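**Student:** sequence below, structure please.
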Amino acid sequence: MDKIIEAYKWEQPDGDSSVFLITEQMTGQRIDRILAEQFPDVTRSYLQKLIREKCVKINEKVIKASAKPAIGDRVSVFFPEAEELQIVPEDIPLDILYEDSDLIIVNKPKGMVVHPAAGHYSKTLVNALMYHCQNSLSGINGVMRPGIVHRIDQNTTGSLIVCKNDMAHQAIAQQLSVHSITRKYRAIVYGRLTEDGTIRTTIGRHPQKRKEMAVNVPQGKTAVTHYHVLELFDKFTYIECQLETGRTHQIRVHMKSIGHPILGDDVYGPSKCPFSGLQGQTLHAMTIGFLHPSTKEYLEVEAPLPLYFTDLLNKLRSV
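**Tutor:** Here you go, the predicted structure:
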C-alpha cells in the first residue's frame, strides 16, 4: 500500500485497511504511539488525523489517541484512498552512469530527494527521470515513485538503480531482498579506525525520535555493515563500507553506534561540523553491482567521488 499523506478523498469509501493484534510488548502504550511503530512511513500527525476521523478502531470501537489497548485487542486502521497527485516531468540534468532498455543507473547529487513526498513535489530525481525516460519507468511503486526500487538519503551522493519496466523492477527487488547486490560506499568518519571490522546489530525506528533510526531496538531488523580502512588522518578516517543488508540510514547509524559517526552528519553526529560549508554527511554510494535482469550477466558500475568529497580529502591530507 502506498501511504501517501496528502490529498485524501475522505468522502469516498475506497481505500486500504490494515489489521493487527496487540502483543505483550505493545501493552501499556498509547494507541497513537503503537500506530507510529507499526507504520513508520506515515507521519504521527497523519495517524492522529486518522484517529480523529474515526478511521482507527479497537475491537470495532472508535477510540481516542490516548487509548491504551490490552493484549489480544484487534486494531483496525483504514487508510482512505489517496488521489493521484500530478508529478510533473522536469528538465533537470542527470549524471547517467549506465542506461539500456531495462534500467538506468544515475549518480545522484547531494541535496536531491529521490522521489516526491510531503514538502518535496518538484526538483526530485523522479521529476528528472520522468522527463528523461518519458513513459519508460516501472509502475510497481506507484505514481509517486515510478522506477524507484531502492533509495539513498537526500544528502548522500552516488549510484542508484532505476528500473524502466516491471520485469526489471521485480528482478532487482528480488536481488535486494536476498542481499545479493554489491553496494560499496565511501565515507569519512570521526576518530581513528585502525583496523577493518563488521558491525552486526538490529536497526529500527528510534523509540523517541521518530525521524531517526537506532540499533538494538524492539522489533528492529538485522543489519550488517562491513568496513575497510582506506586512509588515516589525525582526527578522521576515510573508509569503505559494504552493505550486507540495506536498512534505513544503516551506515550512518552503525558508525555512530561504534563511536565513529560520519563527518557532516547533523543527525547522528556532532551538531557542529569542523568544516564550514559542508552540508550533510560525507557518504557516497560508489559501487553497485548486480545480475542484469535480461542478460543475467553481472554488471558493476562505479560513481566517481564528488568534488566536495575529493576537496575535503585533500584538505585532510594537507594537515
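**Student:** what are the ranges of the helices in this protein?
**Tutor:** 31-38, 44-52, 125-133, 166-177, 250-257, 307-318 (DSSP state H).
**Student:** got the angle for the second one vs helix 31-38?
**Tutor:** Comparing the axes of helix 44-52 and helix 31-38 via axes from the mean of the first three to the mean of the last three C-alpha atoms, to 10 degrees yields an angle of 130 degrees.
**Student:** what's helix 44-52 packed up against?
**Tutor:** Under the contact criterion of 3 or more C-beta pairs under 8 Å, 6 or more residues apart in numbering; DSSP states H and E, helix 44-52 touches helix 31-38, strand 74-80. C-beta: built from backbone N, CA, C; applies to glycine.
**Student:** number of nearby residues for His150?
**Tutor:** A count of neighbours around His150, defined by other C-beta atoms under 10 Å, yields 17.
**Student:** then Asn135?
**Tutor:** Asn135: 8 surrounding residues under other C-beta under 10 Å.
**Student:** now swap in the one 3 residues further on and tell me
**Tutor:** Burial of Ser138, expressed as a neighbour count using other C-beta under 10 Å, amounts to 23.
**Student:** relative to Arg74, how far out is it?
**Tutor:** Ser138 sits 36 Å away from Arg74, going by C-beta to C-beta, to the nearest Å.
**Student:** over to Thr182?
**Tutor:** For Thr182, the distance to Arg74 - C-beta to C-beta - is 43 Å.
**Student:** surely Asn155 is in contact with Met112?
**Tutor:** No: judged on C-beta atoms under 8 Å, Asn155 makes no contact with Met112 at a distance of 9.2 Å.
**Student:** deepest-packed of the helices and strands packed on helix 44-52, please.
**Tutor:** helix 31-38 (a mean of 19; mean count of other C-beta atoms under 10 Å).
**Student:** show me what that helix is packed against.
**Tutor:** helix 44-52, strand 56-58, strand 74-80.
**Student:** let's see 7 Å
**Tutor:** On a contact count with 3 or more C-beta pairs under 7 Å, 6 or more residues apart in numbering; DSSP states H and E, helix 31-38 meets helix 44-52, strand 56-58.
**Student:** partner strands of the shortest one, with direction?
**Tutor:** With DSSP bridges as the criterion, the sheet partners recorded for strand 56-58 are strand 61-62 (antiparallel), strand 74-80 (antiparallel).
**Student:** list the buried residues for that strand?
**Tutor:** Across strand 56-58, burial judged by 16 or more other C-beta atoms under 10 Å covers Val56, Lys57, Ile58.
**Student:** the last one bridge partners, please.
**Tutor:** Spelled out, that is Ile58. Taking DSSP bridges as the rule, Ile58 bridges to Lys61, Val75.
**Student:** gap between it and Arg210?
**Tutor:** Counting by C-beta to C-beta, the gap from Ile58 to Arg210 is 22 Å.
**Student:** what does the second one give?
**Tutor:** Applying C-beta to C-beta, the value for Lys57 to Arg210 is 23 Å.
**Student:** and the strands in the protein?
**Tutor:** Along the chain, counting by DSSP state E, strands occupy 15-21, 56-58, 61-62, 74-80, 96-99, 103-108, 157-163, 182-190, 197-205, 213-215, 221-232, 236-243, 283-291, 298-302.
**Student:** so for Arg33, which of those sits nearest?
**Tutor:** With C-beta to C-beta as the criterion, Arg33 lies closest to strand 197-205 of the strands of the chain, at 10.9 Å.
**Student:** avg pLDDT for the closest one?
**Tutor:** On average, the pLDDT along strand 197-205 is 95.
**Student:** use 29 as the first number for this chain going forward.
**Tutor:** Sure, I'll start counting at 29 from here, so that last one is strand 225-233.
**Student:** follow-up on the earlier one: could the strands paired with strand 84-86 go into a markdown table alongside mean pLDDT and distance to Arg275?
**Tutor:** Below are the strands paired with strand 84-86 laid out as a markdown table (pLDDT from 0 to 100; distance: least, C-beta to C-beta, whole Å):
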| stretch | mean pLDDT | distance to Arg275 |
| --- | --- | --- |
| strand 89-90 | 91 | 35 |
| strand 102-108 | 88 | 24 |
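**Student:** between those strands, which gets nearest to Glu268?
**Tutor:** Smallest distance to Glu268 across these (C-beta to C-beta): 40.6 Å, for strand 102-108.
**Student:** okay, the angle between the closest one and strand 43-49?
**Tutor:** Using the same axes, to 10 degrees: strand 102-108 against strand 43-49 is 160 degrees.
**Student:** just the CA trace of strand 102-108, in PDB.
**Tutor:** Listed next in PDB are the C-alpha coordinates belonging to strand 102-108 (Å, rounded to 0.1, in the frame of the first residue of the first chain):
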ATOM      1  CA  ARG A 102      -7.800  -6.200  17.500                       C
ATOM      2  CA  VAL A 103      -6.700  -2.900  15.900                       C
ATOM      3  CA  SER A 104      -8.100  -1.900  12.500                       C
ATOM      4  CA  VAL A 105      -6.800   1.100  10.600                       C
ATOM      5  CA  PHE A 106      -8.500   2.400   7.500                       C
ATOM      6  CA  PHE A 107      -6.300   4.400   5.100                       C
ATOM      7  CA  PRO A 108      -8.500   6.400   2.700                       C
END
